[in-house]
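In: Provided below for reference: sequence and predicted model.
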Amino acid sequence: MENNFEVKVNAKTHLVVDSNTSRCLGGVGANFYRPFVFPFYTPAGQTVVQEFAFDHPFHNGIFVGQGPVQVGAREAGFWASPPRRSWTDKVFERLGRMDTQKDIDITPHADGVQFVQKVVWRDENEEPLIDEIRTVNLHALADATICDMTSEKIATYGAATYPQTKFGSIGIRVEPRLLPGMGGIVLGDNGRSGGVEVVHEGESDFVAYQNVLTGHGEFGVFMSILNEGIRGPWFIRDYGMALYNPTWTGSVSTPEGESWKVSLRVIAYDGELTPARAEKWCLL
């Protein structure tokens, strides 16, 4: 199959564009503190994730975060990032950063582009705590745009522990127009729909936010966990935080040299999320 997708760099954002139709799938990039995916578009060009919220400037598009991370006697938080929200916010104590290395492995393919980023998670003293391999595959369907993101955290510098916390692990900041406060609905498997309570802190084959946009019709964002056999726990908030967070219910530990991997599929779509579409997207 012919590869029509190319990468256009705009202010260090790597935008994936279909050269035949000019359809933009989304963008991959990094600031000083972390890498993330933004923007992310439906086929009709509607955005489904928010770059950041005023009160949560560290909820960035499609992103990875974890706080705290412990290696030996050292500990750092990788959930928050500047700018600060207040002088007394404890989430900014012992703040680390995800140092994204300049060389990015970019591989165009028939349906889109895959990016592999090497990331060094550094503590507040700029000493490395863990390494990460971040893989992002942006690819197109006729009726949807897919972002498959995998975060492989490697205990390069000693055994690593990720304590039980609500501040992790991989997810999105939902576009405000899709939220219940704006008339949107949250969808889960087995026909569940309503507010965030339908899936919050529970399990589901998928979670979606959907709304009707005047002049456009329905559109939404769909998430499913790519780790085999895992259906949660989901950490879902009505203000737009939507996470797969395995550390919500317990800690994760990896011996030195071993890794911990989390993977999430995010889909931007136009139209109604039918059971057939949801089943197909979970099985891709």
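Out: Nice, thanks for sending it over.
In: in the protein, which segments are predicted with low confidence?
Out: 1-2 (pLDDT under 70).
In: now the helices for it?
Out: 275-283 (DSSP state H).
In: what bridges to the residue nearest in space to the middle of it?
Out: Using CA atoms, centre = their mean, the residue of the chain that lies closest to the mean C-alpha position is residue 62, 3.0 Å off. Here residue 62 sits in beta bridges with residue 37, residue 172, going by DSSP bridges.
In: what residues are up against it?
Out: 36-38, 40, 49, 147, 149, 171-172, 264, 266 (CB atoms under 8 Å, 6 or more residues apart in numbering). C-beta here means a position set from N, CA and C on the backbone, and glycine is covered the same way.
In: Repeat that for residue 118.
Out: Applying CB under 8 Å, 6+ apart to residue 118 gives the contacts 100-101, 103, 131-134.
In: Then residue 71?
Out: By CB under 8 Å, 6+ apart, the residues touching residue 71 are 129-130, 155, 157-161.
In: how much space between it and residue 160?
Out: Remark: distance between residue 71 and residue 160 (CB to CB, to the nearest Å) = 5 Å.
In: Touching both of those two, which residues are there?
Out: 129-130.
In: Now tell me what touches stretch 25-35 from outside.
Out: By CB under 8 Å, 6+ apart, the residues outside stretch 25-35 that reach it are 5, 10, 12-18, 36-41, 58, 60, 63-65, 78, 81-82, 97-98, 100, 104, 112-113, 115, 117, 119, 134, 136, 138-140, 145, 147, 268.
In: Now which of those would you call buried?
Out: 5, 14-17, 36-41, 58, 60, 63-65, 78, 81, 97-98, 100, 104, 112-113, 115, 117, 119, 134, 136, 138-140, 145, 147, 268 (16 or more other CB atoms under 10 Å).
In: and residue 280, how many neighbours?
Out: 13 (other CB atoms under 10 Å).
In: residues in contact with residue 55?
Out: Taking CB under 8 Å, 6+ apart, one finds residue 85 in contact with residue 55.
In: Sorry, slip of the keys, the one I care about is residue 57.
Out: 81-83, 85.
In: Please report how far it lies from residue 183.
Out: 26 Å.
In: do residue 144 as well
Out: The value you get for residue 144 to residue 183, if CB to CB is used, is 22 Å.
In: what about those two, which has more around it?
Out: residue 144 (21 against 10).
In: Return the distance of the more buried one relative to residue 186.
Out: Taken as CB to CB, the span from residue 144 to residue 186 is 18 Å.
In: Also residue 41?
Out: 21 Å.
In: same deal with residue 158?
Out: Applying CB to CB to residue 158 and residue 186 gives a distance of 40 Å.
In: Tell me which of those two has more neighbours.
Out: Higher neighbour count among residue 158 and residue 186: residue 186, with 25 against 15, using other CB under 10 Å.
In: does the more buried one have beta-bridge partners, and which?
Out: With DSSP bridges as the rule, residue 186 is bridged to residue 194, residue 209.
In: That one contacts residue 196, correct?
Out: Yes - between residue 186 and residue 196 a contact is recorded at 5.4 Å, counting by CB atoms under 8 Å.
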